[in-house]
Every structure is written in C-alpha cells, then in structure tokens.
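1. model the structure of this input:
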Amino acid sequence: MTAYLLLALAIAAEVTGTVSMKLSDGFTKLWPSLIVVVGYLIAFVALASVLKRGMPVGVAYAIWAAIGVAAVAVIGVLFLGEPVNLTIVAGLVLVIGGVVLIEVGSA
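-> Predicted structure coming up:
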C-alpha cells in the first residue's frame, strides 16, 4: 500500500474518531466511545506506517491535520448543526493553502 493511501486511511480513521467523540456525549455512550478508540488506534498505526515508508513527518502531519480539520468542520456543519461563517471558511482556506505550500516546498 502506498504512503498516500495509508495517509488517506489515517485521515479517514481520525475524522471518524473525532466525529464519534462528539457523538459519544462525553464518553457516556458505549458505541461512539469504542469507535473513538478504534478510530484513533487505526489513525496512529496508519500514520506511523506512512512515516516508516519515508514521508517527511512535517509533510505527513500537515496533510493529515489540515484535511482532518477541514473534513470535521464540513461534517460538523452538514450533519451536526454547527455554525459556519465567512471567518471559518477563510480559516479553512488558509489551513489548506498552508499545506499546499508545505507540500510544494518539500518537493
């Protein structure tokens, strides 16, 4: 499995774990709480595998964090009724733009 596929797995697992954390209601609901633990376990194992394959830690973490932040924010707005405004959108654009610059700079 390529590093980028493993990174996509790490991102999906982390996003799943983070959204489940919201749904766990402070870890008072069993199934969402278990999904948090499993999601983060998969995320960190996959991210460690990405790093083992030689992707620079700064690049891997920047991509992982930025896509995770953007995905959780979008899921929050679309499915969890969280607010969105121009400032939030601008912040997400800046985060993603920063990752693009890191990726270009590392090439």
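
2. and the most centrally placed residue in the chain, what element?
-> Among the residues of the chain, the one closest to the centroid is G68, at 2.2 Å (CA atoms, centre = their mean). For G68, the element it lies in under DSSP states H and E is helix 57-79.

3. what comes up buried for the helix or strand immediately after that helix in the chain?
-> Following helix 57-79 in sequence order, the next helix or strand is helix 86-106 (DSSP H and E). Buried residues in helix 86-106, counted by 16 or more other CB atoms under 10 Å: L92, V95, V99, I102. In this view, the C-beta of every residue, glycine as well, is placed from N, C-alpha and C.

4. circling back: could you give the mean pLDDT of the helix holding G68?
-> Helix 57-79 carries an average pLDDT of 93.

5. so how far is stretch 98-105 from its chain's centroid?
-> The chain centroid and the centroid of stretch 98-105 are separated by 17 Å, computed with CA atoms, centre = their mean, to the nearest Å.

6. what does that stretch contact?
-> Identification of contacts with stretch 98-105 by CB atoms under 8 Å, 6 or more residues apart in numbering yields G58, V59, A62, I63, A65, A66, I67.

7. I'd say the second one and A65 touch.
-> So that's V59. No. Using CB atoms under 8 Å as the test, V59 is too far from A65 to be in contact (11.0 Å).

8. quick one, the helix holding G68 and helix 86-106 angle?
-> 150 degrees (axes from the mean of the first three to the mean of the last three CA atoms, to 10 degrees).

9. in this structure, what spans have low per-residue confidence?
-> Low-confidence segments of the chain (pLDDT under 70): none present.
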